[in-house]
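Undergrad: model this:
(chains A, B and C)
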Amino acid sequence: MTMTTALPIAMIPGDSVIHRINPIAKLVWVVGYIVLAFSTQNIFILASMAVFAFLLGIVAGVLKPLLKAMIILVPIGSSLLALQIIAPAVERPWTLAGSIGPLSLYGDGLYYGFVLLGRVVASLIIALVMVMTTHPSDLFTSLAKLKMPYTLNFMLAMTLQLIPVFQREFGVIMSAQKSRGMKGTGFSAVLPSFVPVFVGAIERVQQLSISLESRGFGSDGHKTSYRQVRVRVRDWIIGGLGAVLIVGLSVYSIIRGTWSLSGEIVFSGAFVTTLFAIAALTFFGFIAFTIIYGFTRK
Amino acid sequence: MAEDTTGPAIRVEGARFVYPTGNVVALDGVDLTIDHGEIVGIIGQNGSGKTTLTKLFNGLLKPTAGRVVVDGIETAGRSVQEMAPHVGYVFQNPNHQLFARTVADELQFGPRNIGVPEEEIEERVANAVEFFGLQDYVEEHPYRVSFPIRKLVGIASIVTMRPPILVLDEPSTGQDHQTTHIINDLMRRLREEGTTVVCVSHDMPLLADVVERVVVMRNTRIIADASPREVFADESLMLQTNLQAPQITEIALETVVPLGGPVALTPHELADDIATRAGGSRPARRSASTRKGA
Amino acid sequence: MTDPIIRFDNVTYHYPGTEEPALRDIDLEIMPGEYVAILGLNGAGKTTLGLCVNGVVPTMLGGTLEGSVTVGGLDVGEYPVREMAKIVGMVFDNPEFQMSQLSAAEEVALGLENAGIAYEDMVRIIPETLELVGLKGFEERSPLGLSGGQQQRLAIAAVLAMKPQILIMDEPTSNLDPIGKQEVFSIAGKLNKEAGMTVVVIEHEVEVMAKFADRVIVIDHGRIVMNGAPEEILSRVKELGALGLRAPEAAVLADDLRARGLWTGPTPTTTAPAVEQVRTMIGAARG
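TA: Alright, predicted model coming up:
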């Protein structure tokens, strides 16, 4: 019985408008999102970007897996906010907003924390939506059309595929060692398992290269492609619109000095303190939960 | 959780198993009791749940529902390491199992883990080396020897732990007749020593030769549990499980069986019966099985 | 008279850095449309022989090859494996190690893409081939998520789609249940009969060989020691035994009865003739 191991983040098959957009057009949006997110400090822009990406996710019908994957944001987000409040990554002077015991809490930190969080959230959601609505092969085929070398493309695709394989192999090997009464925990116990994983990987690559070559891989002649990725007018418009909008906003943000609103927005002391408490508790709670869950599952 | 050694070697009650990834149901309502000293074959088509079932025996998998008691110990809440002295498990692919620097180290690893005294380890290893014919490979790296030899090393590395219960997952896959013969001998010897053996295999001739009982699985359930003769004689059972009786059994079924003859499992057995029918009761020249030809 | 499609001319081969040759003085001719089975102990040289046909030996694995291997009129050592791929299709024993794509359809497409087959033809060939191996409807499934048996059939489909003149299968059924095994050999048999594909199979199970092959070649220590029709080769119970191999059970039965002076006539290797003769024997005794 072969166990099916799926990547935690994989394509969710569907036929939504978003699914049907050309991968390259989507890629333009993802890259654009990241560029804009990191060139502005305007939390309204960042928030609208995140909301828009989220709406795209809903349109694509990937809301559930999207939310599941976004759990990763809980520890990142809470630690980011908590840390920024006590030690802002902006130049002094900082405005003191309150204190808990020996800790001084700063309002500017909170604003910058929101900026960082907004960047991460917006970029992550759009990237997830892209990954969940694009068949990897379509992406690779499109990249190949853009003259990305075939072998490089192939290597990318292979790596993507081998990660779950090696995860599974490692699991099987660990259980084989345990079946032989392997004692101990930690690195020294895991170490012997690397030998078979490594040997297995080499054998696999060797065999695969023979198999691929036997199917004409690497021949110089004219190649065709089974996956047909169409580029329609719609895709040009979407891609172009994304590029124009995002480049425009980025340039404007940069001209306005990252368009930061930290001067205009002042948080009340109580707000900063409460938020800090919530963030810190969430962070430690999450860590504690993970540890306990990890131990009991064994 | 008291250890009850008077009970059967393996008892599976209403076991269900669902793989967490993808919610694949691999076992559903499986009941099975195997007594100490039994040699049992588990057969069934690809994906019927055979390997999943055997992984319940040493706690590699815990039933999603139902219970599994092995050597008097309920596996729930026990680690695989705790079960190791009770159940030996030989994986189908030796590459998943071997990692030591030499074949000798490999054979010592298991018994050392479960606290066998050094002198005894030495004796067990020497024994195994002789039995499996590994004399030439003792100081070799396990990955430097050919795959069939590696497979024997994989089996030997568990046998040296002398577990009261031994699970073999497809021991003869990819093996030629010579190495299959060694596995065959191993099962016979283990039977004499009173070890309980569970062997998952597609190799019907191998099973026909040594096992006393065959458990047939289909689509997550046990659908038959009988002697090899009964199982191989049941043509509809063979057909719906994608299995095929050994050639000799098929010949017997179409010739002597309708006349009240035996559901033969070896050519020698069938030859004996035919001889009685065709030429009076001519005695067999050799009593040992000649089916393996060697 | 037609020329052989595969021809080994006095071939001796050493893997890099080895003293013992893996193949010794191999002279072999295989005609187009033959279904040949290769039998031998592990390590006898069966796989090496197969790898010579598409040039993996020696082009990819190195070593020294004396003599010559000619396939489809081409001297194998002079062409890269990817060129030989147009003539020879190879299926190996571990199917998982042959999977490289994200879906079954693309796995089958890989060879076609490399051969430059037009998209319009691919959309026809791929479903056809998947159906042939019983994987219809699996087009979008991930190859690594398939069961061992399904993977093995996919590996075969990936090669068959390229419509090679020669199909070589190295223990292609080691993960399959008995009926799954039969299916693989009948697919090869069908292509052999209907499309005239030359098939070379490396296999341990003699009963299956006896049923499907036109010719059996036995290899021992790198040498061809027997070469002939299955009923001729596989009936030699004692000789096979001496080589550490076994004969089909039908042959062993006949051999046993012959020793008792009860079996006359040829030794059967498949079920049907054995059944027939046994019926006559016991029927005659009763009547």
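Undergrad: need the residues of the stretch 51-200 of chain A near chain B, please.
TA: A:169, A:172-173, A:175-183, A:192-193, A:195-196, A:199-200 (CB under 8 Å from any CB of the partner chain). All C-beta spots, glycine's among them, are computed from the backbone N, C-alpha and C.
Undergrad: would you list every one of the strands in chain B?
TA: For chain B, strands defined by DSSP state E occupy the ranges B:10-19, B:24-34, B:39-44, B:65-70, B:73-74, B:87-90, B:165-169, B:196-200, B:213-218, B:221-226.
Undergrad: just those: most buried one?
TA: Of all these, strand B:87-90 carries the top mean neighbour count, a mean of 26, counting by mean count of other CB atoms under 10 Å in any protein chain shown.
Undergrad: From chain C, how far off is residue A:35?
TA: 29 Å (CB to the nearest CB, to the nearest Å).
Undergrad: What residues sit buried inside the helix or strand containing that residue?
TA: Here residue A:35 sits within helix A:23-39, counting by DSSP states H and E. Buried residues in helix A:23-39, defined by neighbour count with 16 or more other CB atoms under 10 Å in any protein chain shown: A:23-34, A:36-37, A:39.
Undergrad: check which helix or strand covers residue 126.
TA: No chain in the question, so chain A it is. Per DSSP H and E: helix A:107-133 holds residue A:126.
Undergrad: wrong one, I was asking about chain C
TA: Secondary structure (DSSP H and E) places residue C:126 in helix C:119-132.
Undergrad: The helix or strand just after that helix close to chain B?
TA: Next helix or strand after helix C:119-132 toward the C-terminus (DSSP H and E): helix C:148-160. Yes - against chain B, helix C:148-160 shows contacts by CB under 8 Å from any CB at C:148-150.
Undergrad: Of the residues you listed, which is the nearest to residue A:219?
TA: Nearest to residue A:219 out of the residues of helix C:148-160 next to chain B is residue C:150 (CB to CB; 27.9 Å).
Undergrad: For stretch A:117-136, give the mean pLDDT please.
TA: Per-residue pLDDT over stretch A:117-136 has a mean of 90.
Undergrad: what does stretch B:100-109 give?
TA: 92.
Undergrad: Pull the residues that contact that stretch.
TA: Around stretch B:100-109, the neighbours that count as contacts under CB atoms under 8 Å, 6 or more residues apart in numbering or on different chains are A:180, A:192, B:98-99, B:121, B:124-125, B:128-129, B:134, B:137-142, B:145, B:153, B:156-157, B:160.
Undergrad: Give me the pLDDT for residue B:286.
TA: Reported pLDDT for residue B:286: 48.
Undergrad: correction: residue C:142
TA: On the pLDDT scale, residue C:142 is placed at 85.
Undergrad: Distance-wise, check it relative to chain A.
TA: Relative to chain A, and taking CB to the nearest CB, residue C:142 is found at 8 Å.
Undergrad: and that residue, what are its phi and psi?
TA: Main-chain dihedrals, residue C:142, degrees, to the nearest 10: phi -70, psi 130.
Undergrad: Is it in contact with residue C:106, as I believe?
TA: No - using CB atoms under 8 Å, residue C:142 makes no contact with residue C:106, being 10.0 Å away.
Undergrad: Who has more neighbours out of those two?
TA: Neighbours per residue (other CB atoms under 10 Å in any protein chain shown) separate residue C:142 from residue C:106, with residue C:106 holding more: 25 against 21.
Undergrad: Sticking with the more buried one, tell me its helix or strand.
TA: helix C:104-114.
Undergrad: Do that helix and chain A come into contact?
TA: Yes - against chain A, helix C:104-114 shows contacts by CB under 8 Å from any CB at C:105-106, C:109-114.
Undergrad: So, low pLDDT: which residues of the stretch 51-200 of chain A?
TA: A:184-189 (pLDDT under 70).
Undergrad: just the helices in it please.
TA: Ranges of helices in the stretch 51-200 of chain A, per DSSP state H, counting those that start in this stretch, are A:63-69, A:73-86, A:107-133, A:136-145, A:150-179, A:186-213.
Undergrad: continuing past the last one, what's the next helix or strand?
TA: Read that as helix A:186-213. Moving toward the C-terminus from helix A:186-213, the next helix or strand (DSSP H and E) is helix A:233-255.
Undergrad: report the angle between the axes of that following helix and helix A:23-39?
TA: 10 degrees (axes from the mean of the first three to the mean of the last three CA atoms, to 10 degrees).
Undergrad: Now do the contacts for residue B:271.
TA: B:284, C:253, C:256-257, C:260 are the contacts of residue B:271 under CB under 8 Å, 6+ apart.
Undergrad: Write out the residues of the stretch 51-200 of chain B neighbouring chain C.
TA: Counting by CB under 8 Å from any CB, the stretch 51-200 of chain B sits next to chain C at B:146-148, B:173-179.
Undergrad: quick one: low-confidence parts of the stretch 1-150 of chain B?
TA: In the stretch 1-150 of chain B (pLDDT under 70), the answer is B:1-5, B:21-22.
Undergrad: Swap in 50 and give it another go.
TA: B:1-3 (pLDDT under 50).
Undergrad: Now do the helices in it.
TA: Under the criterion DSSP H, counting those that start in this stretch, helices of the stretch 1-150 of chain B are mapped to B:50-57, B:80-83, B:103-113, B:118-131, B:147-159.
Undergrad: who does the longest one touch, helix- and strand-wise?
TA: Spelled out, that is helix B:118-131. With contacts taken as 3 or more CB pairs under 8 Å, 6 or more residues apart in numbering or on different chains; DSSP states H and E, helix B:118-131 sits against helix B:103-113, helix B:147-159, helix B:177-193.
Undergrad: Please tabulate those helices in JSON lines, including the columns distance to residue C:175.
TA: Shown next, in JSON lines, are the helices and strands packed on helix B:118-131 (distance: least, CB to CB, whole Å):
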{"stretch": "helix B:103-113", "distance to residue C:175": "25"}
{"stretch": "helix B:147-159", "distance to residue C:175": "14"}
{"stretch": "helix B:177-193", "distance to residue C:175": "16"}
